[in-house]
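*Asks:* predicted model and sequence follow; I will ask about them next.
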Amino acid sequence: MKSTNNLVRIIAALLFGSLLFAQASAQGDQSLRGKLEQAIEIASQNTLQIVSLNQTALPNIFEVELNTGEILYSDISGDYLFAGDMYATTPTGLMNLSASTRQKRALDKIALIPEEEMIIFSPEEVKATITVFTDVDCTYCRALHGDLEDLMAYGIEVRYLAYPRGGEAAASYDKMISVWCADDRKESLSLAKGGEDLPPVTCETPILEHYQLGNELGISGTPALVFSDGRVIPGYLDSERLASMLSLN
């Protein structure tokens, strides 16, 4: 699965150079958020947006969450930003504060998605749950779906969210609408992932909302798995490896 994280970091470093901040601070809102938003507007033609701005454990250092899923850090003046993870030293070693923030954010945002918007495959006894951003045309998504019987045997519940790669422009977008609009969505999803053509059906769906959520979590490809602790795992994992990561074997 291709990732854009490194590219986004490079772009962010370029966008938030001192020249842009000087331009941004020359006029308009001089609050920290105002300066950052002005700089982003200058640099990205409104393609980047601030989702949240939060105080960190460090005095005068703020966490800046972008709509790409990236987290940057800013000093209180807004003149300097840096990318990378923030760690805290503890008696037992290093704690990745940025990872904890990403995991909590993933859980909070997924918790807002009603289960009726998902396509859920549940074993008789649920021992663990994964939320999967999926595309019906994705080879590795099909491989993961082919492991459903083994995943059910391990007690893993699979909750699917839609992530047509490319959004509305994706070749799979209309197929996924047909899946989410079907009377039996689980069967339709299985048929679509098996390569069968579904009869076109249209209705109101949450597909683009799911896609946007995936983007906010930094997802750029499929499958992308979100564990119940908020970890986001990119790419296909076979059932044995997945069960091991979920402490089920």
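*Replies:* Ah, there it is.

*Asks:* would you mark the buried spots in stretch 154-173?
*Replies:* Residues of stretch 154-173 classed as buried: 154-165, 170, 172-173 (neighbour count, 16 or more other C-beta atoms under 10 Å). In short, each C-beta sits where N, CA and C put it, glycine included.

*Asks:* now go through those and say which are in strands.
*Replies:* Of those, the ones assigned to strands by DSSP state E are 156-162.

*Asks:* tell me the one of the buried residues of stretch 154-173 nearest D108?
*Replies:* Nearest to D108 among those: L161, at 15.0 Å, using C-beta to C-beta.

*Asks:* and the closest one, what's its pLDDT?
*Replies:* In this model, L161 is scored at 98, pLDDT.

*Asks:* could you chop the protein up by domain?
*Replies:* Domains of the chain are assigned by automatic domain parsing as 5-84, 112-245.

*Asks:* show me what the mean pLDDT comes to for the first one.
*Replies:* What it means is domain 5-84. 70.

*Asks:* report the separation between T68 and K127.
*Replies:* 34 Å (C-beta to C-beta, to the nearest Å).

*Asks:* returning to what we had before: which of the domains of the chain is buried the deepest?
*Replies:* Stretch with highest mean neighbour count among those: domain 112-245 (a mean of 17; mean count of other C-beta atoms under 10 Å).

*Asks:* leaving out chain neighbours, which residue sits closest to I207?
*Replies:* A162 (4.2 Å; C-beta to C-beta, 6 or more residues apart in numbering).

*Asks:* next: V158.
*Replies:* In space, and not counting its chain neighbours, V158 is closest to F121: 4.6 Å by C-beta to C-beta, 6+ apart.

*Asks:* ok, the one you found touching L148?
*Replies:* Yes: if you go by C-beta atoms under 8 Å, F121 and L148 touch, sitting 5.8 Å apart.

*Asks:* residues of the helix ranked longest in the chain that come out buried?
*Replies:* Ranked by residue count and defined by DSSP state H, the top helix of the chain is helix 97-111. By 16+ other C-beta under 10 Å, the buried positions in helix 97-111 come out as 97, 101-103, 105-107, 109-110.

*Asks:* same list, the residues you listed, but as JSON lines with distance to I177 and pLDDT please.
*Replies:* Shown next, in JSON lines, are these (distance: C-beta to C-beta, whole Å; pLDDT from 0 to 100):
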{"residue": "L97", "distance to I177": "40", "pLDDT": "86"}
{"residue": "T101", "distance to I177": "34", "pLDDT": "84"}
{"residue": "R102", "distance to I177": "30", "pLDDT": "86"}
{"residue": "Q103", "distance to I177": "31", "pLDDT": "88"}
{"residue": "R105", "distance to I177": "28", "pLDDT": "87"}
{"residue": "A106", "distance to I177": "25", "pLDDT": "89"}
{"residue": "L107", "distance to I177": "28", "pLDDT": "92"}
{"residue": "K109", "distance to I177": "23", "pLDDT": "91"}
{"residue": "I110", "distance to I177": "21", "pLDDT": "94"}
